[in-house]
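Need a 3D model of the following:
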Amino acid sequence: MIGVGAFYTLLFAAAAAGFISAPRPGVRAFTLSVLAISMAAHVVLLVVWRFRVPYWDPPLLLYGAFGAGVTLLERWKR
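Sure, this is the predicted structure:
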């Protein structure tokens, strides 16, 4: 449980960095709206987080990989 919590903490941090530095604000707004709508629907219907994972993981992984790449590549270039 601690490992999964640490993984999701790092994933959310990397995804936040990816959202901030994303070059296409329209895609970012669409992704955030999909996440907000899926969260609202699942809070009403299902309160268990594991059922939200299929909707949340793909955008988080995509933006997380981009955010980690942007953050880490800048540090590696120095």
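
ok, then the element right after whichever helix or strand Ala6 is part of?
Taking DSSP states H and E as the criterion, Ala6 maps to helix 2-21. The C-terminal neighbour of helix 2-21 among helices and strands, as given by DSSP H and E, is helix 25-45.

Starting from that next one, tell me the next helix or strand along the chain.
helix 53-77.

buried stuff in that next one?
Residues Tyr55, Trp56, Pro59, Leu60, Tyr63, Gly64, Phe66, Gly67, Ala68 are the ones in helix 53-77 that count as buried (16 or more other Cβ atoms under 10 Å). (Glycine included, C-beta is placed from N, CA and C.)

Any chance of those in CSV with pLDDT and distance to Val4 as columns?
Below are those laid out as CSV (pLDDT from 0 to 100; distance: Cβ to Cβ, whole Å):
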residue, pLDDT, distance to Val4
Tyr55, 65, 17
Trp56, 70, 14
Pro59, 82, 18
Leu60, 80, 14
Tyr63, 81, 19
Gly64, 83, 15
Phe66, 84, 22
Gly67, 84, 20
Ala68, 84, 18
